[in-house]
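**Q** Next come a sequence and a model predicted from it.
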Amino acid sequence: MEVPVPFYFFIAVFVSLTTAKECGLMCSIRKRTLYREPTKDVPGPEKNYTGIRLRYDSLLIIYYHEQTVAIVEVSETRELFNCELLEVRYLLLEIMRNYLTPSSSTEYEVTENPSNKTKKLSFDGECHRTEQDRKAALESLRPAIPNQNKIRFHDMLDLMAQCHKLEPPSSTHHNGFVKEEIKEVTGILRGIFPGTKWCGAGDIAGSYHDLGPDTQLDKCCRSHDLCPVKVAGFRTQYNATNYSLYTKTHCDCDDIFYDCLKALHTTRANILGDIYFNVARFMCVEDIPPELVTTSTKKFVYRGKKY
């Protein structure tokens, strides 16, 4: 959930810090990382695929739509154990950093282990969320997770709702009040809502499972941030240009965010809802009916939804 920084300096004075929740019982976790340890060659936040698995006999399946890739861990009967959702732009940064060899300013060679076959793929320098980026990201994951499925927008939203209900693996829970308190103060200075890592101007989470002390509120913001259809500030997507500083998210994702905050009905959730829907009054992305499509499939609308 992206909100301009000034709002958070204002509300941080009034919102007290939330004490860290204690970790639950440790579950059996097997960690399998597809990527080498990240470097700092590419600046900005990183969302690495952690490779965390809860079961040894589980299956890994990828579902994707537009800008969101969901890596899910299921049983043979499709019982959902674990999820890890990634944005194409972050996943592509990891691929460029660890899997691709620069061959020119815009071309990279990807090695497909274990066959060691190489082929050239082209990317733009800013890693825009494009279909080409997504294909490259999925291609890099194919050797480890060959079962990849494209799904419709609302099917992805349904899957994200199921993932939202899952508790994060125990090893990823925050631990240590002092450590979290220091992180929270740092987050406020960066425009992050107190008690969270995903609510505010960007995020400070290291991975999908990385949540702040106010876990339930943070999960609302995480789902909103990972909306499959959105247009970042000063970017063009779907032939629609967003001239604002903030990301404009699909209206359906805004509705889910609204319902998520209302369901929590906490002081912090209500403050955040009031800021986002009543004060900032952000526009959202709406689909254009197929019969009316000319050059763009999406448009920006202000619906005036009150919290």
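**A** Arrived safely. Numbers count the residues shown, from 1 in each chain.
**Q** was I right about Y49 contacting I71?
**A** Yes. Y49 sits in contact with I71 when judged by CB atoms under 8 Å, with a separation of 6.7 Å. For every residue, glycine as well, the C-beta is placed using N, CA and C.
**Q** list residues touching both of these two?
**A** Shared contacts of Y49 and I71 (CB atoms under 8 Å, 6 or more residues apart in numbering): 84, 86, 141.
**Q** just curious, which of those is nearest to K135?
**A** L141 (11.1 Å; CB to CB).
**Q** Skip the chain neighbours and tell me the closest residue to that closest one.
**A** Leaving aside its sequence neighbours, L141 sits nearest to I62 (CB to CB, 6 or more residues apart in numbering; 6.4 Å).
**Q** ok, now Y238?
**A** Using CB to CB, 6+ apart, the closest residue to Y238 is K298 (4.1 Å).
**Q** tell me the average confidence for stretch 166-181?
**A** Across stretch 166-181, the average pLDDT comes to 57.
**Q** How about stretch 291-307?
**A** 87.
**Q** Give me the distance between the two termini of it.
**A** This stretch, stretch 291-307, spans 33 Å end to end (CA to CA, to the nearest Å).
**Q** Which stretches in the stretch 51-200 of the chain count as helices?
**A** Using DSSP state H, counting those that start in this stretch, the helices found in the stretch 51-200 of the chain span residues 88-98, 131-141, 153-165, 177-189.
**Q** Pull out the buried positions in the third one.
**A** By neighbour count on 16 or more other CB atoms under 10 Å, the buried set for helix 153-165 is 153, 156-157, 159-160, 163-164.
**Q** Now distance to Y307 too, for those residues, in JSON lines please.
**A** Output for the buried residues of helix 153-165, formatted as JSON lines (distance: CB to CB, whole Å):
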{"residue": "F153", "distance to Y307": "24"}
{"residue": "M156", "distance to Y307": "25"}
{"residue": "L157", "distance to Y307": "21"}
{"residue": "L159", "distance to Y307": "26"}
{"residue": "M160", "distance to Y307": "21"}
{"residue": "C163", "distance to Y307": "25"}
{"residue": "H164", "distance to Y307": "20"}
